[in-house]
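Trainee: Please find the sequence and the predicted model below.
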Amino acid sequence: MVTNMSDNGSFALAVIGAGGISNAHSAAAKDSGGSVRIAAVADSNLEAAAKLAGQHDAKAFGTIDALFAAIDAGGVAVDGVVLCTPPTVRVEPIREALQRGIAVLAEKPLALNPEDAARIVEIADAHPNTLFGIAYCHRFAPPIAEMKRLVESGKIGRLTRFENAFAFHHPPMAERWMSDPAVSGGGSFIDTGCHSLDLFRHLVGPAEVVGSVYDTEWEGRGESSATVLVKASEGSHAGVAGVILAGWMEPERFTVALIGTNGALHYDYMKPTELVYRPGIGDAEIITVESHEVRFSRQLVHFAKAARGEAPRGVLADARDGLGAAEAVDNAARASKVI
């Protein structure tokens, strides 16, 4: 087992994958007040790795193997890995890190397909003392935490429906790896819809896909629009419906709503400090909340603390949560007769 705590007590990270999402984790480390730092960056594009590493006085590596070789040789010390690769490059880096006792935070979606997700569950189960989490960052958005608290307090009565839209208009997605099913595992639904599935799981319960309709704008690419109906398969909200909208060729909407027998809660990410409560009868109430924009930094600090046993693991999505999302993505694709 590798023990790598730095002299100043900060939690040292290796970032694997220096693409777009790594910038969010880079900013989160900078916002951590020194509790988390980036010590190494690995990417097959060494120039990209060096650029990100240069922002943190970190070491850059051109391959994942080179990173782990340096860790084994004592050339770089890390406490955790943030995995920002496409889902085709997940299983082996996770295995390599966990078997060394290095905590892992894997970006979403967990894997290319349910079979790979199941392999990751097996790997995580084989190393129960080392933290493995999935970066479903919306769990750490203060408005989402407040919605969960208010539902549990009975604010909206009995929960009956979850509504969520993560959609935007971005034609360049036609050329990016996220729309190539061979690399991403699908299209818009596995990209943003996996966040939606995890929010449903976090707020309502495990999702069972009831039906779906997909639209594909670009021939040979994944779906550019997905409408998916789910219901909670178990738990205190079993049977509650969820409507999930995901799209890359639509007007921008980032909203989450929970509807109950006595009212509803609605959050619009474009109005980041306002959570709206609408009673069954009467005027709406604006509840002031902290912006969702802190979600990446809150997630990263929690990951570091949980890895050290200083915070509960339960808030982070785990491997089985990721497997549940992977299975739902696969079932939604089958229901739409895409595969």
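Mentor: Perfect, thanks for sending it. Residues are numbered from 1 along each chain as shown.
Trainee: ok, Ala69 to Ala48 distance?
Mentor: Per C-beta to C-beta, to the nearest Å, Ala69 is found 20 Å from Ala48. The way it works is simple: take the backbone N, C-alpha and C, and place the C-beta from them, glycine included.
Trainee: which one's the longest helix in the chain?
Mentor: helix 319-335 (DSSP state H).
Trainee: List every C-alpha atom in that helix, with coordinates, as PDB.
Mentor: This file holds the C-alpha atoms of helix 319-335, laid out as PDB (Å, rounded to 0.1, in the frame of the first residue of the first chain):
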ATOM      1  CA  ALA A 319     -19.300   1.900  -7.900                       C
ATOM      2  CA  ARG A 320     -22.800   0.400  -7.500                       C
ATOM      3  CA  ASP A 321     -24.400   3.700  -8.100                       C
ATOM      4  CA  GLY A 322     -22.400   3.900 -11.300                       C
ATOM      5  CA  LEU A 323     -23.400   0.400 -12.300                       C
ATOM      6  CA  GLY A 324     -27.100   1.400 -11.700                       C
ATOM      7  CA  ALA A 325     -26.700   4.400 -14.000                       C
ATOM      8  CA  ALA A 326     -24.900   2.300 -16.700                       C
ATOM      9  CA  GLU A 327     -27.700  -0.300 -16.600                       C
ATOM     10  CA  ALA A 328     -30.300   2.400 -16.900                       C
ATOM     11  CA  VAL A 329     -28.500   4.100 -19.800                       C
ATOM     12  CA  ASP A 330     -28.400   0.700 -21.600                       C
ATOM     13  CA  ASN A 331     -32.000   0.000 -20.900                       C
ATOM     14  CA  ALA A 332     -33.100   3.400 -22.200                       C
ATOM     15  CA  ALA A 333     -31.200   2.800 -25.400                       C
ATOM     16  CA  ARG A 334     -32.800  -0.600 -25.800                       C
ATOM     17  CA  ALA A 335     -36.300   0.900 -25.100                       C
END
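Trainee: For that helix, name the packing helices and strands.
Mentor: helix 114-125, strand 132-134, helix 194-203, strand 207-215, strand 225-232 (3 or more C-beta pairs under 8 Å, 6 or more residues apart in numbering; DSSP states H and E).
Trainee: what angle do it and strand 207-215 make?
Mentor: Counting by axes from the mean of the first three to the mean of the last three C-alpha atoms, to 10 degrees, helix 319-335 lies at 40 degrees to strand 207-215.
Trainee: What residues of helix 319-335 count as buried?
Mentor: 319-333, 335 (16 or more other C-beta atoms under 10 Å).
Trainee: Show residues contacting it.
Mentor: Contact partners of helix 319-335, identified using C-beta atoms under 8 Å, 6 or more residues apart in numbering, comprise 106, 108-111, 113-114, 116-118, 120-121, 123-125, 132, 134, 136, 185-186, 189-190, 193-194, 197-198, 201, 206-212, 214, 226, 228, 230, 339.
Trainee: Filter the residues you listed down to just the buried residues.
Mentor: Of the members of those, the ones counted as buried by neighbours, 16+ other C-beta under 10 Å, are 106, 108-111, 113-114, 116-118, 120-121, 123-124, 132, 134, 136, 185-186, 189-190, 193-194, 197-198, 201, 206-209, 212, 214, 226, 228, 230.
Trainee: Could you list which residues are in contact with Ala238?
Mentor: Applying C-beta under 8 Å, 6+ apart to Ala238 gives the contacts 205, 232.
Trainee: wait, is it part of a helix?
Mentor: No. Under DSSP: H, G, I helix; E, B strand; the rest coil, Ala238 falls outside any helix and is assigned coil.
Trainee: Point out where the stretch 101-250 of the chain drops to low pLDDT.
Mentor: Along the stretch 101-250 of the chain, no part satisfies pLDDT under 70.
Trainee: and whatever helix or strand Asp72 lives in, what other elements does it pack with?
Mentor: Following DSSP states H and E, one finds Asp72 within helix 64-73. Other helices and strands packing on helix 64-73, by 3+ C-beta pairs under 8 Å, 6+ apart, are strand 11-16, strand 36-42, strand 59-61, helix 91-99.
Trainee: And the residue nearest the centre of this structure?
Mentor: Tyr136 (2.3 Å; C-alpha atoms, centre = their mean).
Trainee: what's near enough to touch that one?
Mentor: So Tyr136 contacts 108, 194-195, 198-199, 202, 317, 321 (C-beta under 8 Å, 6+ apart).
Trainee: let's see it at 7 Å
Mentor: Residues near Tyr136 by C-beta atoms under 7 Å, 6 or more residues apart in numbering: 108, 195, 198, 317.
Trainee: What residues sit buried inside stretch 129-143?
Mentor: 130-143.
Trainee: again with stretch 158-174
Mentor: By 16+ other C-beta under 10 Å, the buried positions in stretch 158-174 come out as 159, 162-168, 170, 173-174.
Trainee: With stretch 180-188 instead?
Mentor: 180-181, 184-188.
Trainee: One more: stretch 231-247?
Mentor: Under the neighbour-count criterion of 16+ other C-beta under 10 Å, stretch 231-247 has 231-232, 237, 240-247 buried.
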